[in-house]
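1. model this:
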Amino acid sequence: MKRSTINQLLRDAKAFIASRGFYLPPFAFWSPADWATRGPEVAEIPTNALGWDITDFGSGDYTTCGLLLFTIRNGHPHNWETMSGKLYAEKIMVVGVDQVTPFHFHWNKTEDIINRGGGDLVVEVYNATADERLCDSPVTVSVDGTLRTVAAGTRIRLGPGESITLPTRLYHAFWGAGERVLAGEVSLVNDDTRDNRFLEPRGRFPEIEEDEAPLHLLVTDYGRYYTAERS
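-> Prediction:
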């Protein structure tokens, strides 16, 4: 993806998120120059991968297969070894109409996906087989605390305010319908480097063509721009 495209997506996302009455934390708006002035007091942000995250899942077509996320809070996977610190995560996501996040599940993370406003969020669900393919067995999920058992491949439509709980090893894909959706995620600690099992091989983070300077850093940019821990 071109950095200029990413920058425009960030501008658009900030305006959309604000239009839905959702407020991001201050570090969402830091520039690379702001990051250059920060010291070890903000190390939690890069260490736990907080902040902006844009992906086209290796498709080369962000509009039809992609997702824009902002991780507001997150613990570190090591926290589970000591059962201390943050054991949870929260994200806000911008989901376009018919913009698919492809089938995947998590080995460790249970998550709630919440429609925070806009159009409907469509979530397609399958159980996973022992060899991690799609299973044709019925799927039982909790939708706002109410258990529902549906056929494999059912597309559950969530209106604004509705949510679904996605347990481990439950394949899911989702997209917006009607109009763009502001979606939330509340989960156990999020680890995008080791806890995503895509049904088909996918790239989680895009390769970036640096045709202009970053507007804001993505989670994959911190290693180049935040130097306090190495100084």
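
2. where's stretch 84-98 relative to the chain centroid, distance-wise?
-> Distance, stretch centre to chain centre, for stretch 84-98: 5 Å (Cα atoms, centre = their mean, to the nearest Å).

3. quick check: end-to-end length of that stretch?
-> Chord length of stretch 84-98, first to last residue, is 39 Å (Cα to Cα, to the nearest Å).

4. in it, what counts as buried?
-> A89, E90, K91, I92, M93, V94, V95, G96 (16 or more other Cβ atoms under 10 Å). (C-beta placed from N, C-alpha, C; glycine too.)

5. surely the last one and D61 touch.
-> Right, the one you point to is G96. No. Here G96 does not reach D61: they are 11.6 Å apart, not a contact under Cβ atoms under 8 Å.

6. list the contacts for the residue positioned nearest the centre of the chain?
-> For the chain, the residue nearest the mean C-alpha position is L69 (4.7 Å; Cα atoms, centre = their mean). Residues in contact with L69 (Cβ atoms under 8 Å, 6 or more residues apart in numbering) are W52, D53, I54, T55, K91, I92, M93, V94.

7. now swap in M93 and tell me
-> L67, L68, L69, F70, L182, A183, G184, E185.

8. partner residues bridging it?
-> Judged by DSSP bridges, the bridge partners of M93 are L69, A183.

9. what residues of the lowest-mean-pLDDT helix or strand in the chain count as buried?
-> Least confident helix or strand of the chain, by mean pLDDT, DSSP states H and E, is helix 79-82 with a mean of 88. For helix 79-82, a neighbour-count test (16+ other Cβ under 10 Å) marks N79 as buried.

10. what sits up against it?
-> G85, K86, L87, N108, V189.

11. isn't E210 right up against R3?
-> Yes. Using Cβ under 8 Å, E210 is in contact with R3, at 5.2 Å.

12. ok, and for the host helix or strand of E124, which residues are buried?
-> Here E124 sits within strand 111-127, counting by DSSP states H and E. The neighbour-count check on strand 111-127 (16+ other Cβ under 10 Å) flags 111, 113-127 as buried.

13. quick one on the thing from earlier: closest to G21 among the buried residues of stretch 84-98?
-> I92 (11.9 Å; Cβ to Cβ).

14. still on that earlier bit, want to throw the contacts of M93 into a markdown table with distance to G159?
-> Putting the contacts of M93 into a markdown table (distance: Cβ to Cβ, whole Å) gives the following:
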| residue | distance to G159 |
| --- | --- |
| L67 | 20 |
| L68 | 21 |
| L69 | 21 |
| F70 | 22 |
| L182 | 13 |
| A183 | 12 |
| G184 | 14 |
| E185 | 17 |
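
15. which residues are in contact with the nearest residue to E111 once chain neighbours are set aside?
-> Spatially, and ignoring its direct neighbours in sequence, E111 is nearest to S187 (3.5 Å; Cβ to Cβ, 6 or more residues apart in numbering). By Cβ under 8 Å, 6+ apart, the contact set of S187 is Y88, A89, E90, K91, K109, T110, E111, D112.
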